[in-house]
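Chemist: got a structure for you, letters missing:
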């Protein structure tokens, strides 16, 4: 089932001052989005089972032991500002790791690419639903790099406006711009100005929830989105970011999709929990598709499963676009084509490390 034509909502642009004490950085923004608190609680009540909450209580009671200090303090500050408990904000920050628990396969159709669940003889509802995203990093005819990204998450419409585009400032200047839900300490996609860009795709469907939580509790790992934000704050160059995102302990596997400010700089880092298992760069791409990398939710060296082949159409659409047409409008046209754009797509953005000011996440209403 293809989605009907619709007009997107523009994500709100906000500013976070990294020179402020972490506990104060999100307070004003949190208050602005306080009216969304009931929808957040309703979402958790629908999708997070009650047996999971006691497992999360130790994290909420001692944030600094489980999250980087700045992120822990940000959560402590934004929770009361939004009218939420600290435990609610902890769940929000771990939702990427536990999102599959309450999801069942009857939420939407299962025809064509990107069904909620793959056909399986021994299918268990909610456990093997694919985590969906598509990222395309492409070089224009003039050598500029562009980054397209669809985030497919099935977020309820009432919660989608929580996604904001954030200008992170330091010493009065914008250091990087990134996107995340208010209350979330990590970033989903972003760009370091004149440096590099990033988007996150799920790998291995985000992993298994209990393993992810044990990883968080016992090994003091960070979420992939938190790891990406730390890299954005610390790494000014594409090469430095590739090195940083290829290492470090993560709660779950992920794909870090990247573009740089120089011609030909693009990479997909396929991450395991402890290190990169593969770093695929644009200069390793061969044949007539040598001007872009397209990544969905499956290792690029493996065949794509028949129930969710978004890779083949994305490659075909990029080839049809052609390198001379690569740019903001050209790449956006590809990101809006079926099945790259599908009934799971919540957010779309096209951005560039060399033109970071043209950064705007599009929020899609329900089909």
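Modeler: Done, it's in. Predicted model only: the values in this text are computed from it and were never measured.

Chemist: quick check: residue 15 is in a strand.
Modeler: Yes. Assessed with DSSP: H, G, I helix; E, B strand; the rest coil, residue 15 lies in a strand.

Chemist: quick check: beta-bridge partners of it?
Modeler: For residue 15, the beta-bridge partners are residue 167 (DSSP bridges).

Chemist: check residue 134 too.
Modeler: For residue 134, the beta-bridge assignment (DSSP bridges) gives partners residue 150.

Chemist: do you know how far it is from residue 155?
Modeler: Counting by C-beta to C-beta, to the nearest Å, the gap from residue 134 to residue 155 is 16 Å. In this view, the C-beta of every residue, glycine as well, is placed from N, C-alpha and C.

Chemist: look at these two and report which has more neighbours.
Modeler: residue 134 (29 against 20; other C-beta atoms under 10 Å).

Chemist: local confidence estimate at the more buried one?
Modeler: The score at residue 134 is 96. That number is its pLDDT.

Chemist: wait, it sits on residue 314?
Modeler: Yes. Shown here, residue 134 and residue 314 form a contact pair, counting by C-beta atoms under 8 Å, at 6.0 Å.

Chemist: hey, what's in contact with both of these two?
Modeler: Residues touching both residue 134 and residue 314 (C-beta atoms under 8 Å, 6 or more residues apart in numbering) are 294, 296, 340.

Chemist: if you rank those by neighbours, which is first?
Modeler: Within these, most neighbours by other C-beta under 10 Å means residue 296, with 28 neighbours.

Chemist: how about the contacts made by that residue?
Modeler: By C-beta under 8 Å, 6+ apart, residue 296 lies in contact with 132, 133, 134, 201, 304, 308, 310, 311, 314.

Chemist: give me the subset of those residues lying in strands.
Modeler: 132, 133, 134, 201 (DSSP state E).

Chemist: which of those sits closest to residue 79?
Modeler: Lowest distance from residue 79 to the ones in strands among the contacts of residue 296 (C-beta to C-beta) belongs to residue 133, with 27.5 Å.

Chemist: list the contacts of that closest one.
Modeler: Neighbouring residues of residue 133 by C-beta under 8 Å, 6+ apart: 149, 150, 151, 152, 153, 199, 200, 201, 202, 296, 297.

Chemist: cool, residue 194 as well?
Modeler: Residue 194 touches 261, 353, 354, 356, counting by C-beta under 8 Å, 6+ apart.

Chemist: which one of the contacts of residue 296 is nearest to residue 31?
Modeler: Closest to residue 31, out of all of the contacts of residue 296 and judged by C-beta to C-beta, is residue 133, at 30.6 Å.

Chemist: what pLDDT does the model give the closest residue to residue 247 other than its chain neighbours?
Modeler: The spatial neighbour of residue 247 that comes closest, neighbours along the chain excluded (C-beta to C-beta, 6 or more residues apart in numbering), is residue 275 at 5.7 Å. pLDDT recorded at residue 275 is 94.

Chemist: work out for me the element the spatially closest residue to residue 22 that is not a sequence neighbour sits within.
Modeler: Spatial nearest neighbour of residue 22, chain neighbours left out: residue 73 (3.6 Å); criterion: C-beta to C-beta, 6+ apart. Per DSSP states H and E, residue 73 falls inside helix 69-82.

Chemist: grab the most central residue of the protein for me.
Modeler: Geometric centre of the chain, nearest residue: residue 188, 3.1 Å, by C-alpha atoms, centre = their mean.

Chemist: ok, now which ones touch the residue nearest to residue 22?
Modeler: With contacts defined as C-beta under 8 Å, 6+ apart, residue 73 is in contact with 21, 22, 23, 63, 64.

Chemist: biggest separation within those residues, which pair?
Modeler: 21 and 63 (15.1 Å).

Chemist: who's more crowded, the two?
Modeler: residue 63 (21 against 11).

Chemist: return the residues in contact with that one.
Modeler: Residues in contact with residue 63 (C-beta under 8 Å, 6+ apart) are 72, 73, 75, 76, 86, 90.

Chemist: from those residues, keep the buried residues only.
Modeler: Buried by 16 or more other C-beta atoms under 10 Å: 72, 73, 75, 86, 90, out of the contacts of residue 63.

Chemist: which one of the residues you listed is nearest to residue 174?
Modeler: Nearest to residue 174 among these is residue 73, at 21.9 Å by C-beta to C-beta.

Chemist: how close does that closest one sit to residue 229?
Modeler: In terms of C-beta to C-beta, residue 73 sits 14 Å off from residue 229.

Chemist: what's in contact with the strand or helix carrying residue 350?
Modeler: Per DSSP H and E, residue 350 falls inside strand 345-351. Residues from elsewhere that reach strand 345-351, judged by C-beta under 8 Å, 6+ apart: 3, 8, 11, 146-155, 160, 163, 179, 188-189, 191, 197, 328, 331-332, 335-336, 341, 358-364.

Chemist: check stretch 140-149 too.
Modeler: 133-139, 189, 191, 197, 199, 257, 259-266, 323-324, 326-328, 331-332, 334-335, 347-355.

Chemist: buried members of those residues into ChimeraX, please.
Modeler: Isolation of the buried members of the contacts of stretch 140-149 (16+ other C-beta under 10 Å) is achieved in ChimeraX through the command below:
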select :133,134,135,136,137,138,139,189,191,197,199,257,259,260,261,262,265,266,323,326,327,328,331,334,335,347,348,349,350,351,352,353,354,355
